[in-house]
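**Student:** sequence and predicted model, in that order:
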Amino acid sequence: MKFPIVFFQLLNVVYSAKILGYFNFPSISHQFVFQAVVRELSLRGHEVTYVSPNNIKDPKLINLTEVDLSDTYKVFETTDAGIFNRNAINLIAVCVFGNKLIEDIITIEMELEQVKEILMKPENSYDLIIVEAMNPFHYGLQHKFKAPLIAISSFGLTSVLHDIIGNQNHPILYPDAFCGYLNPIKNIWEKIDSFYVNMVFYLYSKFVGMPKYDKMARTYFGEDMPYVEDLVRNVSIMFGNVDPIFSDRRAIAPNYKEVWNIHLKAPQPLPADLQRILDDAKTGLVYFSLGTNVRFEHVEENIKQEILKALGDLPYTVLCKWESEDYPGKPNNVVLRKWIPQQSILAHPNVKVFVTQGGLQSSEEAIINGVPLVVIPFLGDQPLNAKILTSRGMAETILPQSIKNDLLRDTILKVAKNEKYRLKAHELRDIFLDQPRTGLEEIVWWCEYVIRHKGATHLRSPSAGVSLYEYFMLDVLGVIFIVLFATYVAMKIIFGAIIRLLRGQKHEKQKND
């Protein structure tokens, strides 16, 4: 009797879905977030196909099939991602650069045989598709395979995506992250600039970006595909990796979820050489890393020398992520490594300061370990993240164009020696960790929710797809204006006629007298 009971209980709790996770952007910091989701879905018994430039390669994940997109990293051999900011190029050029980068990545990946094999599969091959939120092209996969789609961003959303899915998107209350303004905006010139940024992104997306992605998507997913913007709007759930510290606290639609603590995990044992370096740093260690998207080979030589001079003047050991493990003029207290297990490094008690570019994943890893920061923001959302962290009291910011060895050295010493920065970092850590369940658990629950219900269109906001003229009620105001104007004209005609009639009667009376 026991065997049938156990068997039927297992039938009730085990349901394996076929899931396609397609995450194409070649940046390991982004992929850490997606890897965590894919790994957890596989561990829960789902059959997952993971398409990524950074495969997990864990033989214990027997339900996981991986497709390698590492060839897409070739785009950065000829592209300097550091110019993806308004200090380097104008806003239109930013749009052109971003779209060209994504097009080049798509072109490379679509020529790979394993990707072609996936696209040859029949409809209904998958129960759920999960993609990166930022790239409209891959939303066409839901049409190709007739499956519900979930989108995940490894940071927040652009103003364009907020608008498409129906989130409140006022440029003064909720400026686009690319503006770099804390909300709500008070300065009139910043208000004008935020409106300008929103309108440029909106118009470029509407009349250039979306039509281009639609044309590309039809090539691979079928000419009968709905317009790509409508497919983005049709998303079942969209996730933004946004915690309470970085949230802009906007009103959001039911099918958009802000989640955090997705990729963070318990520190793993360090390699013996790194463990020795950290343990021997009795006076403290400074960890320096500008992430994966800012490459030192694209940084001007004089800036590199200023950085190394500043690090060499510190009374601490410095562990520095660099693109080579030796460099002419490297100070004796500086250790260079091509790759560093960042979460484990930040967990070590001897780390006094983390010098970072201000990427969201790096910022979260610093917060969860209570490590104060010196932020040097280069691109994307980094300038805004730097402002948020500095306003919260756990960081100081240095703009890239302002880097001088004495300024960098003095700023690092200021943060290292003043305990208030570490105390603020601990306060933010407590806020960050105080949640009923992790972001990873939240995403997995909603993925299985969408699988159970074969989509989640019932969560879609009625404001999704509302045009600008409807959002600002210009049609209503137009009707009111027409009615008021018609009333004015009618009253003018009526009163004119009455006045003429009275004048005529008066004139007739005078004539008779």
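**Tutor:** Here it is on my side, so go on.

**Student:** let me know the secondary structure of the most centrally placed residue in the chain.
**Tutor:** Geometric centre of the chain, nearest residue: Phe155, 2.9 Å, by C-alpha atoms, centre = their mean. Recorded secondary structure, Phe155: coil (DSSP: H, G, I helix; E, B strand; the rest coil).

**Student:** from Leu428, how far out is it?
**Tutor:** Phe155 sits 17 Å away from Leu428, taking C-beta to C-beta, to the nearest Å as the criterion. Just so you know, the C-beta spots here come from the backbone N, C-alpha and C atoms, and that holds for glycine as well.

**Student:** now swap in Arg503 and tell me
**Tutor:** 79 Å.

**Student:** circling back: what pLDDT does the residue nearest to the centre of the chain get?
**Tutor:** pLDDT recorded at Phe155 is 89.

**Student:** do Lys18 as well
**Tutor:** 96.

**Student:** partners of it in the sheet?
**Tutor:** Listed by DSSP bridges, the beta-bridge partners for Lys18 are Glu47.

**Student:** that one against Ser42, yeah?
**Tutor:** No: Lys18 lies out of contact with Ser42 (C-beta atoms under 8 Å); the separation is 11.9 Å.

**Student:** what about these two, which has more around it?
**Tutor:** In this view Lys18 and Ser42 are compared by other C-beta atoms under 10 Å, and Ser42 has more residues nearby, 22 against 18.

**Student:** need the contact list for that one.
**Tutor:** Val48, Leu61, Asn63, Leu64 (C-beta atoms under 8 Å, 6 or more residues apart in numbering).

**Student:** in strands only, show me these.
**Tutor:** Judged by DSSP state E, the contacts of Ser42 include Val48, Leu64 as members of strands.

**Student:** so what's Pro136 up against?
**Tutor:** Going by C-beta under 8 Å, 6+ apart, the list of residues near Pro136 reads Gly209, Met210, Tyr213, Asp214, Ala217, Val228, Glu229, Leu231, Val232.

**Student:** pull the longest helix from this protein.
**Tutor:** The residue-count maximum for a helix in the chain (DSSP state H) belongs to helix 474-512.

**Student:** straight-line length of stretch 379-397, end to end?
**Tutor:** By C-alpha to C-alpha, to the nearest Å, the extent of stretch 379-397 from end to end equals 14 Å.

**Student:** Provide the contact partners of it at residue level.
**Tutor:** Residues from elsewhere that reach stretch 379-397 (C-beta under 8 Å, 6+ apart): 81-85, 155-156, 177-182, 245-246, 293-294, 357-360, 363, 366-367, 372-377, 411, 414-415, 420-422, 424-425, 428.

**Student:** what residues of it count as buried?
**Tutor:** 379-390, 392, 394-397 (16 or more other C-beta atoms under 10 Å).

**Student:** quick one: average pLDDT of it?
**Tutor:** For stretch 379-397, the per-residue pLDDT averages 91.

**Student:** same check on stretch 246-264?
**Tutor:** Throughout stretch 246-264, pLDDT has a mean value of 91.

**Student:** that stretch spans what distance, first to last residue?
**Tutor:** Start-to-end, stretch 246-264 (C-alpha to C-alpha) is 16 Å.

**Student:** and if you look at stretch 179-193?
**Tutor:** 8 Å.

**Student:** tell me how far that stretch lies from the chain's centre.
**Tutor:** 20 Å (C-alpha atoms, centre = their mean, to the nearest Å).

**Student:** residues in contact with that stretch?
**Tutor:** 171-175, 194, 197, 248-249, 383-384, 387-388, 391.

**Student:** ok, now stretch 303-318?
**Tutor:** Stretch 303-318 is contacted from outside by 277, 280-281, 283-288, 296, 320, 327, 329-335, 352, 400, 403-409, 412-413, 416, using C-beta under 8 Å, 6+ apart.

**Student:** in helices, which of those appear?
**Tutor:** Per DSSP H, the contacts of stretch 303-318 map to helices at Ile277, Asp280, Asn405, Asp406, Leu407, Leu408, Arg409, Ile412, Leu413, Ala416.

**Student:** give me the below-cutoff pLDDT ranges for this protein.
**Tutor:** The chain contains residues with pLDDT under 70 at 1-15, 80-89, 293-299, 506, 508-513.

**Student:** if we can go back for a sec, between Arg503 and Leu428, who's got more neighbours?
**Tutor:** Taking neighbours as other C-beta under 10 Å, Arg503 and Leu428 compare with Leu428 leading, 22 against 10.

**Student:** Ile367 is in contact with that one, correct?
**Tutor:** Yes: at 5.1 Å, Leu428 and Ile367 qualify as touching, with contact defined as C-beta under 8 Å.

**Student:** now do the shared contacts for those two.
**Tutor:** By C-beta under 8 Å, 6+ apart, Leu428 and Ile367 have these common neighbours: Ile245, Met394.

**Student:** who touches Leu141 in this structure?
**Tutor:** By C-beta under 8 Å, 6+ apart, the contact set of Leu141 is Leu20, Tyr22, Ile129, Val131, Ala147, Leu149, Phe221.

**Student:** from Phe354, how far off is the residue lying closest to the residue nearest to the centre of the chain once chain neighbours are set aside?
**Tutor:** The shortest distance from Phe155 to any non-neighbouring residue, by C-beta to C-beta, 6 or more residues apart in numbering, is to Leu360 (4.4 Å). Separation of Leu360 from Phe354 (C-beta to C-beta): 14 Å.

**Student:** cool, and Tyr227?
**Tutor:** Counting by C-beta to C-beta - Tyr227 and Phe354 are separated by 44 Å.

**Student:** just Met216 next, same as before
**Tutor:** 39 Å.

**Student:** more neighbours, those two?
**Tutor:** Set Met216 next to Phe354 and count neighbours by other C-beta under 10 Å: Phe354 wins out with 26 against 19.

**Student:** just checking, the more buried one touches Ala366?
**Tutor:** Yes: Phe354 is within contact range of Ala366, at 5.0 Å (criterion: C-beta under 8 Å).

**Student:** who touches both of these two?
**Tutor:** Shared contacts of Phe354 and Ala366 (C-beta under 8 Å, 6+ apart): Leu346, Pro372, Leu373.

**Student:** go through these and flag which are in helices.
**Tutor:** Counting by DSSP H, the shared contacts of Phe354 and Ala366 place Leu346 in helices.

**Student:** wait, which of the shared contacts of Phe354 and Ala366 is closest to His453?
**Tutor:** For these, the closest approach to His453 (C-beta to C-beta) belongs to Leu346, at 39.5 Å.

**Student:** circling back: take the contacts of stretch 179-193 and write them to TSV, including distance to Ile106 and secondary structure.
**Tutor:** Output for these, formatted as TSV (distance: C-beta to C-beta, whole Å; DSSP: H, G, I helix; E, B strand; the rest coil):
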residue	distance to Ile106	secondary structure
Pro171	30	coil
Ile172	35	coil
Leu173	34	coil
Tyr174	29	coil
Pro175	29	coil
Ser194	30	helix
Val197	25	helix
Asp248	29	coil
Arg249	34	coil
Pro383	27	helix
Leu384	27	helix
Lys387	33	helix
Ile388	32	helix
Ser391	37	helix
